[in-house]
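>>> Here is my input; please provide its structure:
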Amino acid sequence: MIVTTNAIVLSSIKYGDTSLIVKCYTQSDGAKSYLLKGVLASKKGKLKTAYFQPLTQLKIVANHNNKGNLNSIKEVEIINHYKTIYSTIVKQSIAFFLSEVLTLSIQEEERNEALYNYLETALIWLDTHTSTANFHLYFLLNLTKHLGFYPDTNHVDYNYFDLVEGKFYQQSPQYNYITGTELSAFKKLLGINFEALDKVAFNAKSRQQVLTVLIQYFELHLNGFRKPKSLTVLKSIFN
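Numbering: from 1, shown residues only. Predicted structure coming up:
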């Protein structure tokens, strides 16, 4: 089936000597993987490797076979050209980290317009703003809304947050919970929007704490999720 859709590149992996396997989050059909045969060898073809950098926003004409096999892309163009994401080391590190998180988090091959719109809007915000030190934290927390495990903010004034239940409690849970300074830092992200990000006061230590908590939260709620390899680089950038 030939489909024309917007798509966000999640990952690209070299396949053989000349090909790429590219995973995209498409507006029409959710997560899809494509085999781009010979793209690394061809200088004259319509498909260029530069189109498939992490989180690039594309319009593609693709063949979706829906048999669990790899799909193919016939035509591609970049939409929402980024001005800063690939040219500043901080934003580039954020982009590689988020692309890895999204690749590990999103498996569903089904349309989810709200999730697609969230990714598109968030990435344009990252590209067009300069105060981005807290962006990845808020992005991850908000992503949980679309993945189905956003914290239950009833009783947000309680002293413990159970990472498994995603709820606040007055009494200490037995395992996998946060309290004290970790909890205070975590709560700062709840109920804000992107425009309030630069008003969230995190020092390097609390930023690392919140990131560690969020990664653990993802690990507890998503089968197969593991610590992204790019996490070390990201932590060193913000340390």
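>>> What are the buried residues along stretch 32-52?
Across stretch 32-52, burial judged by 16 or more other Cβ atoms under 10 Å covers Lys32, Ser33, Tyr34, Leu35, Leu36, Lys37, Val39, Leu47, Tyr51, Phe52. Quick note: C-beta positions are derived from backbone N, CA and C, even for glycine.
>>> Which residue in those has the weakest pLDDT?
Of all those, Leu47 carries the smallest pLDDT score, 86.
>>> Contact partners for that residue?
Applying Cβ atoms under 8 Å, 6 or more residues apart in numbering to Leu47 gives the contacts Leu36, Val39, Ile73, Val76.
>>> Likewise for Phe139?
By Cβ under 8 Å, 6+ apart, the neighbours of Phe139 are Leu98, Ala122.
>>> could you check the distance from the closest residue to Asp198 other than its chain neighbours over to Gly180?
Distances taken as Cβ to Cβ, 6 or more residues apart in numbering place Ser131 nearest to Asp198, at 3.7 Å, with adjacent residues excluded. For Ser131, the distance to Gly180 equals 27 Å [Cβ to Cβ, to the nearest Å].
>>> pLDDT weak spots in this structure?
68 (pLDDT under 70).
>>> Can you tell me the element the residue lying farthest from the centre of the chain falls in?
Here the centre of the chain is the reference, and by Cα atoms, centre = their mean the most remote residue is Gln171, at 32.9 Å. Assigned by DSSP states H and E, Gln171 belongs to no helix or strand.
>>> Do I have it right that it meets Tyr177?
No: Gln171 lies out of contact with Tyr177 (Cβ atoms under 8 Å); the separation is 10.2 Å.
>>> Now the common contact residues for those two.
Tyr160.
>>> what's near enough to touch Leu115?
Contacts here follow Cβ under 8 Å, 6+ apart; on that basis Leu115 touches Tyr25, Ile106, His146.
>>> so how far is Lys199 from the residue nearest to the first one when sequence neighbours are not counted?
This means Tyr25. Once flanking residues are discounted, Tyr25 sits nearest to Ile8: 4.8 Å by Cβ to Cβ, 6+ apart. Distance, Ile8 to Lys199, using Cβ to Cβ: 28 Å.
>>> just Lys227 next, same as before
29 Å.
>>> Settle it for me: which of those two has more neighbours?
A side-by-side neighbour count of Lys227 and Lys199, using other Cβ atoms under 10 Å, places Lys227 first with 15 against 10.
>>> Let me see the ranges of the helices in this structure.
89-105, 113-128, 135-147, 180-187, 204-221, 231-237 (DSSP state H).
>>> Convert the longest one to PDB, retaining C-alpha atoms only.
It refers to helix 204-221. In PDB, the C-alpha atoms belonging to helix 204-221 read as follows (Å, rounded to 0.1, in the frame of the first residue of the first chain):
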ATOM      1  CA  ALA A 204      23.500  20.100  38.100                       C
ATOM      2  CA  LYS A 205      22.900  17.600  40.900                       C
ATOM      3  CA  SER A 206      19.100  17.800  41.000                       C
ATOM      4  CA  ARG A 207      19.000  17.700  37.200                       C
ATOM      5  CA  GLN A 208      20.900  14.400  37.300                       C
ATOM      6  CA  GLN A 209      18.700  13.100  40.100                       C
ATOM      7  CA  VAL A 210      15.500  13.800  38.100                       C
ATOM      8  CA  LEU A 211      17.000  12.200  35.000                       C
ATOM      9  CA  THR A 212      17.900   9.100  36.900                       C
ATOM     10  CA  VAL A 213      14.400   8.900  38.400                       C
ATOM     11  CA  LEU A 214      12.700   9.300  35.000                       C
ATOM     12  CA  ILE A 215      14.900   6.600  33.300                       C
ATOM     13  CA  GLN A 216      14.000   4.200  36.200                       C
ATOM     14  CA  TYR A 217      10.400   5.100  35.800                       C
ATOM     15  CA  PHE A 218      10.500   4.200  32.100                       C
ATOM     16  CA  GLU A 219      12.400   1.000  32.900                       C
ATOM     17  CA  LEU A 220       9.600   0.000  35.400                       C
ATOM     18  CA  HIS A 221       6.800   0.700  33.000                       C
END
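>>> If anything else comes up later, I'll come back, but that's it for now.
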